[in-house]
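Q: take a look and give me a structure for this.
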Amino acid sequence: MTNVSKLDGRTEEFMPEKIVVSAVKSGASPGAAREIAGEVKQDAGGTISSQEIRSRVLEGLGRRNPDWRRNWEVYDQAVKRRG
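A: Numbers count the residues shown, from 1 in each chain. Okay, here's the model as predicted:
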């Protein structure tokens with residue numbers, strides 16, 4: 001089982017569906033979104049930080065389509081106040 005260490009110190013189970021939903025919202029096809037989620041899970045090992053997940057998802061989106069990555073970043077800045 002893979003866990004995610006959150007910024008606030010909590011730990012929760014890794015759920016690839018969260019990546020898929022977010023990637024699709026950024027414009028990725030469901031197939032590409034599932035591939036990205038699978039890559040992140042495969043590389044995660046036992047525990048991965050939420051920051052590392054974000055970084056790997058952005059990398060995966062950008063490799064496939066730079067617009068998808070930009071869409072994700074715009075959402076993060078506008079809604080989640082991340083930079």
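
Q: neighbours around R64, how many?
A: For R64, the tally of surrounding residues (other CB atoms under 10 Å) stands at 18. C-beta coordinates here come from the backbone N, C-alpha and C atoms, glycine included.

Q: that one: what's its closest spatial neighbour, skipping adjacent residues?
A: A32 (5.4 Å; CB to CB, 6 or more residues apart in numbering).

Q: show residues contacting the helix or strand where that neighbour lies.
A: If you go by DSSP states H and E, A32 is part of helix 30-44. Outside helix 30-44, the residues within contact range by CB atoms under 8 Å, 6 or more residues apart in numbering are 2, 14, 16-17, 19-21, 23-24, 28, 48, 52-53, 56-57, 60-61, 64-65, 68.

Q: in the protein, which helix or strand is least confident?
A: For the chain, scoring each helix and strand by mean pLDDT, DSSP states H and E identifies helix 66-78 as the least confident one, at a mean of 92.

Q: and the angle from that one to helix 30-44?
A: Comparing the axes of helix 66-78 and helix 30-44 via axes from the mean of the first three to the mean of the last three CA atoms, to 10 degrees yields an angle of 70 degrees.
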